[in-house]
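Asks: Sequence first, then the predicted structure, then my questions.
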Amino acid sequence: MSVSGIEANKVARFNMIEQQIRTWEVLDPIVLDLLGMVPREAFVSEAYQGLAFADIELPIGHGQTMLSPKLEGRILQALNIQKTDKVLEIGTGCGYFTALLASLAEQVISVEINAELCQLAAAHLAKQKITNVGLEVGNAATGWDKQAPYNVIVYTGSLPIEPAGLRKNLAIGGILFVVLGEAPVMQATLIRRVSETGYQQDVLFETCLPELVNATQPQRFEF
């Protein structure tokens, strides 16, 4: 990339942070600095380079999209990831949000149902020299107890309802972020495991997010 192109991306990234992310109540300096450092454009296909910093969910192929920048910032702020945390990400996509998580955590396990997207994410992460991510191909819509418990679990697609048993993948003191509900009413929800059997649940904000592949469906009544 030319020097002018690099400078243009720096300006676009700065504007993304100031005009989209800060204005959506993301004020944590650690999160803002991270979004300024990890090159979002490196995870976007050439066809969408001009929209790498736009306030939209960019297509990444196979019918999937990236989270919007402001939602990425809001989620990271809510998770408050620590350097000792083991994080489970469900829905790797192109690997950008994975890279953000990995920059904050000790270890990230990221599960993607589409093998080609998983390969794409692996290539992107390798180029950024991110080595603390374990990528898995599989269906983790109802959880992933293979390496449980986790300090943090985050879904990058919405779920109509919370799967039974998902909370048991959390370590005590751990937190789960998930967008629950069906369009047009969805709620970004944070669930904290406070004891062996106790959980605290808070609705953070309302949003709308594409549904995760193989998400658990509510019972439908037929008349």
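Replies: Arrived safely.

Asks: Just want the most central residue of this protein.
Replies: The chain has T156 as the residue nearest its centroid, 4.4 Å off, counting by CA atoms, centre = their mean.

Asks: the helices in the chain, which residues?
Replies: Using DSSP state H, the helices assigned to the chain run over residues 3-15, 29-37, 69-79, 96-104, 115-127.

Asks: of the ones you listed, which approaches R193 most closely?
Replies: helix 69-79 (13.9 Å; CB to CB). C-betas here are computed from N, CA, C, even on glycine.

Asks: for the closest one, which positions count as buried?
Replies: For helix 69-79, the neighbour count (16 or more other CB atoms under 10 Å) marks P69, K70, L71, E72, G73, R74, I75, L76, Q77, A78, L79 as buried.

Asks: Between the residues you listed, which sits nearest A8?
Replies: Among these, and counting by CB to CB, the member closest to A8 is P69, at 16.7 Å.

Asks: quick one: the closest one and L35 touch, right?
Replies: Yes. Contact criterion CB atoms under 8 Å: P69 and L35 qualify, at 7.2 Å.

Asks: Mutual contacts of the two, please.
Replies: Shared contacts of P69 and L35, defined by CB atoms under 8 Å, 6 or more residues apart in numbering, are found at M16, I21.

Asks: which strand is the longest one in the protein?
Replies: What stands out as the longest strand in the chain, according to DSSP state E, is strand 170-182.

Asks: Only C-alpha atoms, please: export stretch 121-129 in PDB.
Replies: Below are the C-alpha coordinates for stretch 121-129, written out as PDB (Å, rounded to 0.1, in the frame of the first residue of the first chain):
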ATOM      1  CA  ALA A 121      -9.500 -15.800   9.600                       C
ATOM      2  CA  ALA A 122      -6.400 -17.900  10.100                       C
ATOM      3  CA  ALA A 123      -4.600 -16.200   7.300                       C
ATOM      4  CA  HIS A 124      -5.600 -12.700   8.500                       C
ATOM      5  CA  LEU A 125      -4.500 -13.500  12.100                       C
ATOM      6  CA  ALA A 126      -1.200 -14.900  10.900                       C
ATOM      7  CA  LYS A 127      -0.500 -11.800   8.900                       C
ATOM      8  CA  GLN A 128      -1.000  -9.700  12.000                       C
ATOM      9  CA  LYS A 129       1.300 -12.100  14.000                       C
END
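
Asks: buried stuff in that stretch?
Replies: For stretch 121-129, by 16+ other CB under 10 Å, it's A121, A122, H124, L125, Q128.
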